[in-house]
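J.: Below are the sequence and a predicted model; questions follow.
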Amino acid sequence: MRLRHKPWAQDRINDYPQYVSPAPETHRGHWQERFEKQQPLHIEVGSGKGQFIINLAKQNPEINYIALEIQTSVTVMILDKQIEAQLPNLQIIHGNGGHLNQYFAPGEVDLVYLNFSDPWPKKRHEKRRLTSKNFLEQYREVLKPEGEIHFKTDNRGLFEYSLANLSQCGWILKQVWLDLHEDGLSNNVITEYEEKFSQKGHPIYRLEAYYPIDTH
Ligand SMILES: C[S@@+](CC[C@H](N)C(=O)[O-])C[C@H]1O[C@@H](n2cnc3c(N)ncnc32)[C@H](O)[C@@H]1O
């Protein structure tokens with residue numbers, strides 16, 4: 001998938017290399033050097049406008065976060081929030097989650113968040129789904145042993161598809177929620193899309209999964 005460029009937005013991104021590096025692949029294996037403190041690294045693939053990850057970064061200064069977003073104009077919206085908040089534990093990648101192993105070294109990431117990923121309902125677009133097998137392989141490569149994926153969606157079809165792929169690819173499900181806001185999760189941080197779909201009365205599905213250490 002190609003990055004969608006908008007010149008004005010790209011110029012704005014270029015003005016803040018301290019928050020959005022022009023060459024994220026050059027930090028592969030060295031992301032900790034871009035943060036004030038060396039601490040666990042959590043990333044969100046498909047961050048949208050950044051509400052979720054900005055709030056997480058504010059709430060958890062003991063964790064480093066990276067927002068990864070493919071659309072240029074949307075990346076600018078995260079950047080604008082970061083320019084205001086100046087969080088020392090937040091970096092932004094304007095890039096494609098399908099290239100994760102170019103941005104991160106094996107085991108560099110502690111946790112991957114996927115929130116309300118585009119469902120791409122047509123079979124011919126399956127490869128674009130962030131829980132397709134290609135993407136799951138990328139997460140497995142960059143996560144530390146037993147590092148986790150936390151995934152939320154209101155789309156039942158995408159949730160079932162993701163559960164099936166995870167289990168076929170050997171991931172272990174730690175926990176599954178079929179109606180997050182009914183079942184409760186004490187420290188749930190709400191995303192933009194979650195707010196929108198919850199207001200419409202949609203149930204929110206959630207899962208936590210990890211890839212087991214190979215004991216052979
Ligand atoms: C439906 S929005 C959800 C935004 C946010 N996570 C939320 O829950 O409010 C999905 C976002 O994922 C981004 N996206 C889709 N495919 C991507 C990819 N391959 N790499 C990075 N971002 C991607 C889209 O541009 C969009 O901003």
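T.: Thanks, I have the structure now.

J.: any idea which residue sits dead centre in this protein?
T.: Ranked by distance to the mean C-alpha position of the chain (Cα atoms, centre = their mean), the top residue is E44 at 1.9 Å.

J.: tell me the SS of it?
T.: strand (DSSP: H, G, I helix; E, B strand; the rest coil).

J.: Would you confirm that it contacts Y65?
T.: Yes. Here E44 lies in contact with Y65, judged by Cβ atoms under 8 Å, at a distance of 7.3 Å. For the C-beta atoms, the positions are set from N, CA and C on the backbone; glycine is no exception.

J.: Common neighbours of those two, please.
T.: Common contact partners of E44 and Y65 (Cβ atoms under 8 Å, 6 or more residues apart in numbering): I53.

J.: Which stretches in this structure count as strands?
T.: When secondary structure is read from DSSP state E, the chain shows strands at 41-45, 64-69, 90-94, 109-115, 143-153, 172-177, 205-210.

J.: I'd like to know which elements the longest one is packed against.
T.: The contact analysis (3 or more Cβ pairs under 8 Å, 6 or more residues apart in numbering; DSSP states H and E) places strand 143-153 against strand 109-115, helix 156-168, strand 205-210.

J.: hmm, who's touching stretch 147-159?
T.: Taking Cβ under 8 Å, 6+ apart as the rule, stretch 147-159 contacts 107, 109-117, 119, 121, 129, 131, 139, 143, 162, 166, 171, 174, 180, 191, 193-194, 197-198, 202-211.

J.: ok, and of those residues, which contact the ligand?
T.: Among those, the residues that sit close to the ligand (Cβ under 6 Å from any ligand atom) are N115, F116, S117, T191, Y193, E194.

J.: And those, which two are furthest apart?
T.: Using Cβ to Cβ, those span at most 12.3 Å, a distance reached by S117 and E194.

J.: Am I right that L41 is in contact with G107?
T.: No. L41 is beyond contact range of G107, at 10.4 Å (criterion: Cβ under 8 Å).

J.: and the chain, which of its residues are near the ligand?
T.: 1, 45-48, 68-71, 74, 96-98, 115-118, 191-194.

J.: V20 and the ligand, how far apart?
T.: Distance of V20 to the ligand, given as Cβ to the nearest ligand atom, to the nearest Å: 13 Å.

J.: Sorry, wrong one. I was asking about Y16.
T.: Y16 is 19 Å from the ligand, by Cβ to the nearest ligand atom.

J.: what's near enough to touch that residue?
T.: Contacts of Y16 (Cβ under 8 Å, 6+ apart): L79, I83.

J.: confidence score at it?
T.: Each residue has a pLDDT score; the one for Y16 is 97.

J.: just L143 next, same as before
T.: Here the pLDDT value assigned to L143 is 98.

J.: Quick check, it in contact with D110.
T.: Yes. Contact criterion Cβ under 8 Å: L143 and D110 qualify, at 7.4 Å.

J.: low-confidence ranges in the protein?
T.: Counting by pLDDT under 70, the chain shows low-confidence ranges at 1-5, 215-216.
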